[in-house]
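Q: I'll drop the sequence and a predicted model, then ask my questions.
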Amino acid sequence: MDREPGLSVRLKLTLSYAGFGMLAGGLLLVTVWVFLLRYVPEVIDAGSPAPAPDGSRLPAPVMFVPDRFDLLHAFVPRAVAVLGLLLFFGLLGGWALAGRMLAPLTRITDATRVAAGGALSHRIRLEGRRDEFRELSDAFDSMLEQLESHVAEQQRFAANASHELRTPLAISRALLDVARREPAAGRGDLIERLHTVNQRAIDLTEALLLLSRGDRGTFTREVVDLSLVAEEAAETLLPLAERRRITLDVSGGAARTSGSAELLLRMVTNLVQNAIVHNLPAGGTVTVHTEAHGDTSLLRIGNTGRRLPPALVSTFTEPFQRGMERVRTDEHVGVGLGLAIVHSIVRAHGGTLDLAPNPYGGLLVTVRLPGPP
């Protein structure tokens, strides 16, 4: 809704400065009147004849003694002129002073217009001592930096998601084209391959929806014990661990937090599945440990495997990032969102996620979540 244009802040400040100057001058005149002019008689007797030596009276010398009317007649025009000068210099000086005071605000406004045009890389970087405008400028720069990072992350995520979704669709189309050109080809093999490709597209779509849900943080909170969630996830993934001859060990005590039981189960399941899949070919181990430290609940999941460089570990929580040591070609190849979903769920629950390479190979994952209120 458009509003009618009003006075600018600079003009308002100018009028305020000039008004205060006029008020101060008026108070000064009132003070002069109250404490000086009101005690001057309206009419002053110039003097009576002085007595002569012989008893007669001599005419008194003529003296000019101004009365109240004379003082007002001489004072008022000059007072009005002084008030006029106060008004002029108040407006002139107020306009210049207001412009100087509002100059940082003008820079912030210009930066806002630039950012609204899509240039999120622009920064104000206001110099000078720290005052209200400097704090506003720094806060605005910080907001722009976070917004630019968030937008870049979303754009990168959208591009990667489009690429990942386009791959199974392109494969499906190629398979259908082959089947159309060669109707005599085996339908069983075609159906099986289409089922695999479509299942991958479904898994990717569900992962994207889950990641979006975790980022929004819109879920009903309840008290959840991470030790019970870890046992449920381990029981579900035990057949996978046995097929790969991986020892799965769950230990620790109760570790309660507040959040979504479904999302926390998906978080633990993703972590345990990653620890099983990205392990030694045989004879590896996966340890799951839960404990409570004061108001914080801890979940630690470690596994064995190849030694991982720290630079590679730092990229694991980014969407669609698969380090070369982590790429799998079997039926458990992921969509590249496992740890990104974990990170999103942990962040939505107000916790922290730490990834560190084990000294002897493998990965150590530590999740810290706040306890229930």
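A: In hand now; what should we look at?
Q: who's the closest residue to residue 308 other than its chain neighbours bridged to?
A: Ranked by Cβ to Cβ, 6 or more residues apart in numbering and with sequence neighbours excluded, the top spatial neighbour of residue 308 is residue 357, at 4.2 Å. Glycine gets a C-beta too; all of them are placed from N, C-alpha and C. Beta-bridge partners recorded for residue 357 (DSSP bridges): residue 363.
Q: surely residue 357 touches residue 307?
A: Yes - taking Cβ atoms under 8 Å as the definition, residue 357 is a contact partner of residue 307 at 6.6 Å.
Q: contacting residues around residue 193?
A: Applying Cβ atoms under 8 Å, 6 or more residues apart in numbering to residue 193 gives the contacts residue 175.
Q: doesn't it belong to a strand?
A: No - applying DSSP: H, G, I helix; E, B strand; the rest coil, one finds residue 193 to be helix, outside a strand.
Q: gap between the residue nearest to residue 308 and residue 317?
A: Separation of residue 357 from residue 317 (Cβ to Cβ, to the nearest Å): 14 Å.
Q: check residue 87 too.
A: To residue 317, residue 87 is 65 Å away according to Cβ to Cβ.
Q: residues contacting stretch 129-140, please?
A: 104, 105, 107, 108, 111, 112, 124, 125, 126, 128.
Q: part of a helix, is the third one?
A: It stands for residue 107. Yes - counting by three-state DSSP, residue 107 is found in a helix.
Q: who are the contact partners of the closest residue to it other than its chain neighbours?
A: What sits nearest to residue 107 in space, not counting adjacent residues and going by Cβ to Cβ, 6+ apart, is residue 124, at 5.7 Å. By Cβ under 8 Å, 6+ apart, the contact set of residue 124 is 107, 108, 111, 137, 140, 141.
Q: need the residues you listed in TSV (columns: pLDDT).
A: Below are the contacts of residue 124 laid out as TSV (pLDDT from 0 to 100):
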residue	pLDDT
107	81
108	81
111	83
137	82
140	83
141	84
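Q: most neighbours of all those residues, which one?
A: residue 137 (23 neighbours; other Cβ atoms under 10 Å).
Q: could you measure from it over to residue 26?
A: Distance of residue 137 to residue 26, computed by Cβ to Cβ: 39 Å.
Q: just give me the neighbour total for residue 230.
A: Other residues within reach of residue 230, judged by other Cβ under 10 Å, total 26.
Q: try residue 231
A: 15.
Q: same question, residue 104
A: Neighbour count of residue 104, defined by other Cβ under 10 Å: 19.
Q: list the contacts for it?
A: Applying Cβ under 8 Å, 6+ apart to residue 104 gives the contacts 126, 133, 134, 136, 137.
Q: which residues in this structure form helices?
A: Assigned by DSSP state H, the helices in the chain fall at 9-35, 68-116, 132-181, 187-216, 226-243, 261-277, 310-313, 338-348.
Q: the last one vs helix 132-181, what angle?
A: Helix 338-348 runs at 140 degrees relative to helix 132-181, counting by axes from the mean of the first three to the mean of the last three Cα atoms, to 10 degrees.
Q: could you list the buried residues of helix 338-348?
A: Using 16 or more other Cβ atoms under 10 Å as the test for burial, helix 338-348 gives 338, 339, 340, 341, 342, 343, 344, 345, 346, 348.
Q: just checking, residue 190 touches residue 175?
A: Yes - the criterion here is Cβ under 8 Å, and residue 190 meets it with residue 175 at 6.0 Å.
Q: excluding chain neighbours, give the residue nearest to residue 365 in space.
A: Using Cβ to Cβ, 6+ apart and skipping the chain neighbours, the partner closest in space to residue 365 is residue 301 (4.7 Å).
Q: correction: residue 271
A: Of all residues beyond its chain neighbours, the one nearest residue 271 is residue 301 (4.8 Å), with distances taken as Cβ to Cβ, 6+ apart.
Q: the one you found: what's it in contact with?
A: For residue 301, counting by Cβ under 8 Å, 6+ apart, the contacting residues are 268, 271, 272, 275, 286, 287, 288, 289, 364, 365.
Q: repeat the analysis, applying 6 Å as the threshold.
A: Taking Cβ atoms under 6 Å, 6 or more residues apart in numbering, we find residue 301 in contact with 271, 275, 288, 365.
Q: just the pLDDT for it.
A: You'll see residue 301 listed with a pLDDT of 95.
Q: residue 365 too?
A: 94.
Q: below-threshold pLDDT in the stretch 101-250 of the chain: ranges please.
A: Applying pLDDT under 70 to the stretch 101-250 of the chain flags residues 153, 156-164, 167, 183-186, 203-204, 207-218.
Q: 50 instead, please
A: Applying pLDDT under 50 to the stretch 101-250 of the chain flags no residue at all.
Q: in the chain, which residue is closest to the centre?
A: When Cα atoms, centre = their mean is applied to the chain, the residue found nearest the centroid is residue 143 (5.3 Å).
Q: how near is that residue to residue 348?
A: 21 Å.
Q: equivalent analysis for residue 244, please.
A: For residue 244, the distance to residue 348 equals 31 Å [Cβ to Cβ].
Q: quick one on the thing from earlier: so what pairs up with the residue nearest to residue 271 in the strands?
A: The partner list for residue 301 in beta bridges (DSSP bridges) reads residue 288, residue 365.
Q: returning to that earlier point: now neighbour count too, for the contacts of residue 301, in a markdown table please.
A: Shown next, in a markdown table, are the contacts of residue 301 (neighbours: other Cβ atoms under 10 Å):
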| residue | neighbour count |
| --- | --- |
| 271 | 25 |
| 275 | 27 |
| 288 | 25 |
| 365 | 22 |
